[in-house]
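S.K.: sequence-free structure coming up:
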């Protein structure tokens, strides 16, 4: 069986198990299966839920299409200025990120891979599931809006400011650090690449989205929710450096984007919630 097929077969159960695990940790005392599957049922039975989830899926589809066309945008930038912007980041920070790979034990590599590949795609659903269970529909809507704002803010940079991943940059004709994901298996990146352009580094979308979800969790008033999502955010951010994907500059810009998207999400949800959400608010902890 092809390694890429094995990865694709393993991913769904990993996503499902990890989602239930994070929900269980974030909401002590609640039934994690009920918290996880109630929004899925509502998506199938309530038109507004379906529309909101559809909006999130649309972002993923647009991202996939634009990633497939990414080489065209990069070619235009390179034709205009002679090269991409990777050397600029190198001139700012040099090989500083290589310090994150001085110690790469297998258990840490597997944890960072889990955070980067599995946890990152589920942090938005987990955050929305928790708010849905708590009956806090405005926050759930704000999470969805903030998710889309993260992408809207990052997209112009991905199209017009191409920056190669660290492992793909070769100052002096050879890489200055490696892609640690390959220590687990090279097929992982083969599966991931259609969703992530090689030069879509600045700002770090992993960082911005992780920061946004951590801020929502911290502002929820639920201590364990805030702790779990903050730990996951830190793990995701660290994984981007450890695995050899992002520059430190990418993370700094990602933090700024994440905070901005969080503020926009809360503001826009407060403005449009009365018009978009008319269902009776679910009781907390049902």
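M.R.: Now that the structure is in, tell me what you want to look at. This one's a predicted model, so the numbers in the text were calculated from it and none came from an experiment.
S.K.: check contacts around residue 166.
M.R.: Residue 166 makes contact with 97, 176, 177, 201, 244, 245, 246, 247, according to C-beta atoms under 8 Å, 6 or more residues apart in numbering. Where C-beta positions appear, they are placed from N, C-alpha and C, glycine not excepted.
S.K.: how close does it get to residue 104?
M.R.: The gap separating residue 166 from residue 104 is 14 Å, by C-beta to C-beta, to the nearest Å.
S.K.: could you list the low-confidence segments of the stretch 101-250 of the chain?
M.R.: Within the stretch 101-250 of the chain, no stretch has pLDDT under 70.
S.K.: now the helices for it?
M.R.: 106-113, 120-133, 137-160, 181-184, 187-192, 205-218, 223-242, 248-276 (DSSP state H, counting those that start in this stretch).
S.K.: pick the most deeply packed of those.
M.R.: helix 205-218 (a mean of 26; mean count of other C-beta atoms under 10 Å).
S.K.: what angle do that helix and helix 120-133 make?
M.R.: If you take axes from the mean of the first three to the mean of the last three C-alpha atoms, to 10 degrees, helix 205-218 sits at 20 degrees to helix 120-133.
S.K.: next one: helix 205-218 to chain centre, how far?
M.R.: Distance, stretch centre to chain centre, for helix 205-218: 8 Å (C-alpha atoms, centre = their mean, to the nearest Å).
S.K.: other residues contacting that helix?
M.R.: 26, 116, 120, 123-124, 126-127, 130-131, 139, 142-143, 146-147, 150-151, 153-154, 225-226, 228-230, 232-233, 236-237, 239-240, 246, 250-251, 254-255, 257-259, 261-262, 265.
S.K.: hang on, residue 55 packs against residue 144?
M.R.: Yes: judged on C-beta atoms under 8 Å, residue 55 makes contact with residue 144 at a distance of 6.7 Å.
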